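Colleague: What follows is a predicted protein model with its sequence.
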Amino acid sequence: MTAQDAESGMQEHEIDPLMPWPHRLGLIVLQTDETIEQDFRIFTADPSIAFYHTRIPSSPTVTTETLRQMEDHIPSAASLLLKEPPLSVIGYGCTSASTVLGEARVRELVQSEHPGVPVTNPLSALKAAAAALGVTRLGLVSPYIRSVTDALEAELSESGTPFVQAVVFGREEENLVARIAPRSILSAAEKVAGDMDVEAVFASCTNLRAASVIQEAEKATGKPFLCSNQVLAWHMLRLAGITRTVPELGRLGSLGLAPVGAAPHERDCVA
């Protein structure tokens, strides 16, 4: 310390070359979403994880047209996430928009600002989760109107993991989606799980408070219960190389997270 520094009261200090958390997760959250950050605080509660999020403009009503409008905003939202050092993985938090825009397009738009960083979304994560659990026939619980749900059903059917039973709540208003009572979500899950062909139940939408009923739904139905925030968190942890089990994620989390050789759709997320 120089005499001038001493006189100014400047304190000598060290600069750490690295931050104390090796896993850095970035998340793009819809402007209207009230739920996903609450769930991620639980799913990513680990001292080795740093969780960063940014928001993207989104409409208060959910239709295929309003979902497409987010395409122009994804790069600017992604640009607000930290770039140095690179993030371990970035998630785009919208199941329906990932379906309407396409998984590859979402990845392309995010990676335009973060080249080489793995990117995923709830749709890609659902496909990975279903593969990990060994299930091929799903039951669907959706808060949205049928036209939005139809696009998701068509995509999953084409990918080989069809919905064989579905319950929809018929909502367009995003603020009301967040206020659908968990007991209603549980009741819908039990209804679709009653179909003997359903091997697992998926509750769609990152704004739906479905994560709060994971344990109860699996106990009541005897089948894996999946939801958008749960599968997205699981897939992001997996792509980030985190190996511990996560009991809060239900049966999916009990599988562990270590990538054991990426499935084709997981390689797509990384490309």
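Modeller: Now that the structure is in, tell me what you want to look at.
Colleague: Alpha carbons of stretch 73-89, as PDB, please.
Modeller: Extracted C-alpha coordinates of stretch 73-89, given in PDB (Å, rounded to 0.1, in the frame of the first residue of the first chain):
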ATOM      1  CA  HIS A  73     -37.600 -10.700 -28.100                       C
ATOM      2  CA  ILE A  74     -35.600 -13.800 -27.200                       C
ATOM      3  CA  PRO A  75     -32.200 -12.500 -28.300                       C
ATOM      4  CA  SER A  76     -32.500  -9.200 -26.400                       C
ATOM      5  CA  ALA A  77     -33.700 -11.100 -23.300                       C
ATOM      6  CA  ALA A  78     -30.900 -13.600 -23.600                       C
ATOM      7  CA  SER A  79     -28.400 -10.700 -24.000                       C
ATOM      8  CA  LEU A  80     -29.100  -9.500 -20.500                       C
ATOM      9  CA  LEU A  81     -27.800 -12.800 -19.000                       C
ATOM     10  CA  LEU A  82     -24.100 -12.900 -17.900                       C
ATOM     11  CA  LYS A  83     -21.700 -13.900 -20.600                       C
ATOM     12  CA  GLU A  84     -18.400 -14.100 -18.900                       C
ATOM     13  CA  PRO A  85     -17.500 -16.600 -17.700                       C
ATOM     14  CA  PRO A  86     -20.000 -18.500 -19.900                       C
ATOM     15  CA  LEU A  87     -23.100 -19.900 -18.200                       C
ATOM     16  CA  SER A  88     -23.300 -23.700 -17.800                       C
ATOM     17  CA  VAL A  89     -26.800 -23.900 -19.400                       C
END
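Colleague: in the chain, which residue is closest to the centre?
Modeller: Closest to where the C-alpha atoms of the chain average out (Cα atoms, centre = their mean) is residue 232, at 2.7 Å.
Colleague: And the next helix or strand past the helix or strand hosting it?
Modeller: Using DSSP states H and E, residue 232 sits in helix 228-239. Counting by DSSP H and E, the next helix or strand C-terminal to helix 228-239 is helix 251-254.
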